[in-house]
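Peer 1: Test case, fold it:
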Amino acid sequence: MNRAAAPTPLTRYGWTDALAAEFAPHAADGLVPGRIVRVDRGRCEAVADAGEGLLTLHADTGPVTSPDPVRNPCTGDWAAFDAERRTVRALLPRRTAFIRSTSSQRSEGQVLAANVDIALIAVSLAAELDLGRVERFVALAWESGAEPMVLLTKADVVPDAIGLSYLTTDTEAAAPGVRVLPVSAASGLGIDVLTELLGGEQGRTAALLGQSGAGKSTLTNALLGDEVQDVRATRDSDGKGRHTTSTRDLLPLPAGGVLIDTPGLRGVGLWDAEDGVAQAFAEIEELARDCRFHDCSHTVEPGCAVLEAIEDGTLPERRLESYRKLVRENERIASQSDARLRADILREWKQKRALGRHMMERKRGPQA
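Peer 2: Below is the predicted model of the structure:
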């Protein structure tokens, strides 16, 4: 990772030489660099470097607001600010973006966090382990460009080390190539490992993601060493919590690095995540290369290497079913997005045609 050679007030927030080079044209226009720490209803809070140390800015995001929600400012974005007018003038290119589909009928995407190095996927051990949900989060994390890491939170509720090791092993099998770390804010288990992983003078940006009740706010407070985020008890009936975090907040950590704490997610729909799904199920993709037919659906075809792996027990059938489900979902979202794109293009073409007809009528003048 290209880090800044000469520390600046923004270094602890992830400022690099590459970002400085991208910002250079904006500096020539008298703008100042900063990182968005919170967005709420067309306004944002950011930390900016105005030349005299860090400045907290409350700025209007209107000048860069886009009809496409994916392009709008979000927590973690680097931006060029007009400090005097307190507005965002431009967003710097994102290195990574964690995007999920919304429940909108327009098949829109929603950016949960930008410029993230590590996606920390919080999975509570106080509830039944849902490996399918783990796989879904991991696919979205790989697609974002960030490195996924699964945190098995509330590990202190597991009564014995053997039981915890089984749960860890099962999760590792559902997330090949992904580090799985049991953690507990109550006992301190794993907190030192996380602190070292994220910290340092030029620390990393982590986004904490998961369902409501997964213990994200409690874990955030443990990493911060302070009661910054509100914490409420989970319901005994289903182990779920209330949405104690209502905004996505970027928080500097005492040992270095920054953490983006996100609200609990009821759903994590895929959004153009073909590569992420392929990486999350890398062993199936590798097996598929040996199938007799290049377009094998891994259902009934002869010579299917994936089905052979199911039969000999080297591939769990649950993994294949989960893979099929996510592939189908991603294809559906992609087809809806293509339809929306075609509709947007057609609408724009009709508007231009109507404008052209109007201009021609004005040019001709009133007809007798």
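Peer 1: Run through the stretch 101-250 of the chain and note the low-pLDDT ranges.
Peer 2: Low-confidence segments of the stretch 101-250 of the chain (pLDDT under 70): 102-107, 201-202, 227-246.
Peer 1: meant to ask about the stretch 251-368 of the chain, not that
Peer 2: 267, 337-368.
Peer 1: mind listing the strands for it?
Peer 2: 258-261 (DSSP state E, counting those that start in this stretch).
Peer 1: what are the ranges of the strands in the stretch 1-150 of the chain?
Peer 2: Applying DSSP E, counting those that start in this stretch to the stretch 1-150 of the chain gives strands spanning 32-40, 43-49, 54-60, 78-82, 87-91, 97-101, 109-114, 118-124, 147-153.
Peer 1: Out of these, which one sits most buried?
Peer 2: Most buried of those, by mean neighbour count (mean count of other C-beta atoms under 10 Å): strand 118-124, with a mean of 26. All C-beta atoms are positioned from the backbone trio N, CA, C, and that covers glycine.
Peer 1: what's that one packed up against?
Peer 2: Counting contacts by 3 or more C-beta pairs under 8 Å, 6 or more residues apart in numbering; DSSP states H and E, strand 118-124 is packed against helix 131-144, strand 147-153, helix 191-198, strand 205-210.
Peer 1: To residue 63, which of these lies closest?
Peer 2: With C-beta to C-beta as the measure, strand 205-210 is the member of the helices and strands packed on strand 118-124 nearest residue 63 (24.8 Å).
Peer 1: would you put the C-alpha positions of the closest one in PDB?
Peer 2: Below are the C-alpha coordinates for strand 205-210, written out as PDB (Å, rounded to 0.1, in the frame of the first residue of the first chain):
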ATOM      1  CA  THR A 205      -9.200   1.400   7.400                       C
ATOM      2  CA  ALA A 206     -11.600  -1.300   8.600                       C
ATOM      3  CA  ALA A 207     -15.400  -1.500   8.200                       C
ATOM      4  CA  LEU A 208     -17.400  -3.400  10.800                       C
ATOM      5  CA  LEU A 209     -20.400  -5.100   9.100                       C
ATOM      6  CA  GLY A 210     -23.000  -7.500  10.300                       C
END
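Peer 1: Could you tell me the end-to-end distance of stretch 171-182?
Peer 2: End-to-end distance of stretch 171-182 (C-alpha to C-alpha, to the nearest Å): 10 Å.
Peer 1: Identify the residue nearest the geometric centre of the protein.
Peer 2: By C-alpha atoms, centre = their mean, the chain has its centre lying nearest to residue 98, at 2.2 Å.
Peer 1: picking up where we left off before, just say which of the helices and strands packed on strand 118-124 is most tucked in.
Peer 2: Ranked by average neighbour count under the criterion mean count of other C-beta under 10 Å, these are headed by strand 205-210 at a mean of 26.
Peer 1: Show me the contact partners of the strand or helix carrying residue 170.
Peer 2: For residue 170, the enclosing helix or strand under DSSP states H and E is helix 161-174. Contacts to helix 161-174, defined as C-beta atoms under 8 Å, 6 or more residues apart in numbering, come from residues 123, 125, 129, 131, 134-135, 138, 150, 152, 155, 158, 178, 180, 182, 316, 319.
Peer 1: How about it, which residues are buried there?
Peer 2: 164, 167-168, 171, 174 (16 or more other C-beta atoms under 10 Å).
Peer 1: got TSV for those, with distance to residue 255 too?
Peer 2: Formatted as TSV, the buried residues of helix 161-174 follow (distance: C-beta to C-beta, whole Å):
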residue	distance to residue 255
164	26
167	28
168	25
171	26
174	30
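Peer 1: Please list all residues in contact with residue 248.
Peer 2: Applying C-beta under 8 Å, 6+ apart, the residues near residue 248 are 38-39, 74-76, 112-113, 260-263.
Peer 1: can you do 10 Å?
Peer 2: Going by C-beta atoms under 10 Å, 6 or more residues apart in numbering, residue 248 touches 36-40, 74-76, 111-114, 207-209, 260-263.
Peer 1: Could you do residue 311 as well?
Peer 2: Contact partners of residue 311, counting by C-beta under 10 Å, 6+ apart, are 304, 317.
Peer 1: So it versus residue 320, what's the distance?
Peer 2: Separation of residue 311 from residue 320 (C-beta to C-beta, to the nearest Å) stands at 11 Å.
Peer 1: same check, this time on residue 86
Peer 2: 53 Å.
Peer 1: Equivalent analysis for residue 171, please.
Peer 2: 18 Å.
Peer 1: wait, residue 22 sits on residue 78?
Peer 2: Yes - the pair residue 22 and residue 78 passes the contact test of C-beta atoms under 10 Å, sitting 8.1 Å apart.
Peer 1: quick one on the thing from earlier: residue 86 and residue 320 - which one has more neighbours?
Peer 2: Applying other C-beta atoms under 10 Å to residue 86 and residue 320 shows that residue 320 carries more neighbours, namely 19 against 13.
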